[in-house]
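**Student:** Got a predicted structure here, sequence first:
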Amino acid sequence: MRIDAHQHYWSMSRNDYGWINKESPILYRDFLPQDYEIHLEKHNIDGSIVVQAAPTIEESEYLLELANLSDSILGVVGWLDLFTPSHKEHFDRFRKSKKFVGFRIMLQEMVDVSRVLERPYLEALKYYATLDIPIDILVQENQLAVLNELLKEVPDLRGVINHIGKPRIKEHLFEPWEFLMGEIAKHPKIYCKISGMVTEADHDDWDVEHFKPYIEHILRLFGPERIMFGSDWPVCLLAASYDDVLGILNNTIPQSWVEENRSGLFGENARKFYKLR
């Protein structure tokens, strides 16, 4: 099974997406399943994991409704506010949908990321860890140290780092990203999505070679069993086409990789992580 483990849909009329505005005309329009079909067909992709793009319960509900109408949506990663007691209520409601596969915590959007180390937040994550719920983690390089502290408190978390932890690709810098991702990879239940890299590079002047050392480091750390391909479409369009994103990865993974490793990267690992039927 070939799976794109990270992409988005949105409808601008919903007014959920404050980060998308007319200053970004490439993204300032609706992106729906019919717009994605061309990529599914061209690259023989069976379906995708659709990830929330707004921190609202309403958007998660919208994505689950959309999933019920589209066979290509294999799973939906929603959103919960773990700082509020109602998160369990929303989770119990979401999980009634057969296509709800987990939720995303958005450390990137937090002014004070250290708040994730507060007792109520940690207790919430420990609760979901006991249920073995898949949790996406949106985090920037300058927040990885705090994430490491969080994982020490919740070592059984079933999580996946989005966008390889957002290293400073545009500046061609590796530390402290290189060391901190190494610490994160020591947790056996943490996976990593090779996604979202083109938007961390120079949008107008990137080259495959700019991504190669970052991808190679992730492959060494997580191995072929804990990595997933994600296009981050349509956000990737700010810097590259869908074909470009796939091309970067295809031109970087080792030629010596056997088919089993490639099938893991391009689908099987995502299927197992999200517990797809």
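**Tutor:** It's in.
**Student:** Need the nearest residue in space to the residue sitting nearest the centre point of the chain, chain neighbours excluded.
**Tutor:** Nearest residue to the geometric centre of the chain (CA atoms, centre = their mean): residue 162, 3.7 Å. Using CB to CB, 6 or more residues apart in numbering and skipping residues adjacent in sequence, the residue nearest residue 162 is residue 138, 4.8 Å away. Where you see a C-beta, it was placed from the backbone N, CA and C, and this is true even at glycine.
**Student:** I'd say that neighbour and residue 108 touch.
**Tutor:** Yes - here residue 138 reaches residue 108: they are 4.7 Å apart, a contact under CB atoms under 8 Å.
**Student:** The two: who's more crowded?
**Tutor:** The neighbour count for residue 138 versus residue 108, taken as other CB atoms under 10 Å, is higher for residue 138 (20 against 15).
**Student:** who's that one bridged to?
**Tutor:** Beta-bridge partners recorded for residue 138 (DSSP bridges): residue 106.
**Student:** Buried residues in the regular element (helix or strand) spanning residue 271, which are they?
**Tutor:** Using DSSP states H and E, residue 271 sits within helix 269-273. For helix 269-273, a neighbour-count test (16 or more other CB atoms under 10 Å) marks 269, 270, 271, 273 as buried.
**Student:** Which stretches in the protein count as strands?
**Tutor:** Using DSSP state E, the strands of the chain run over 3-7, 47-51, 73-79, 100-106, 135-138, 159-161, 190-194, 227-229.
**Student:** Tell me which of those lies nearest to residue 153.
**Tutor:** For the strands of the chain, proximity to residue 153 was assessed by CB to CB; strand 159-161 is nearest, at 12.8 Å.
**Student:** For the closest one, which strands pair with it and how are they oriented?
**Tutor:** Partners of strand 159-161 in its sheet, by DSSP bridges: strand 135-138 (parallel), strand 190-194 (parallel).
**Student:** Could you check the pLDDT of the residue nearest to residue 162?
**Tutor:** In this model, residue 138 is scored at 98, pLDDT.
**Student:** mind listing what it touches?
**Tutor:** Taking CB atoms under 8 Å, 6 or more residues apart in numbering as the contact definition, residue 138 lies against 104, 105, 106, 107, 108, 109, 162, 163.
**Student:** neighbours around residue 114, how many?
**Tutor:** 12.
**Student:** wait, isn't it in contact with residue 143?
**Tutor:** No - counting by CB under 8 Å, residue 114 does not reach residue 143; the two are 9.4 Å apart.
**Student:** Local confidence estimate at residue 23?
**Tutor:** On the pLDDT scale, residue 23 gets 84.
**Student:** quick one on the thing from earlier: ok, the buried residues of helix 269-273 vs residue 80, which is closest?
**Tutor:** Using CB to CB, these come closest to residue 80 at residue 273, 18.3 Å.
**Student:** what sits against that closest one?
**Tutor:** 134, 158, 160, 191, 228.
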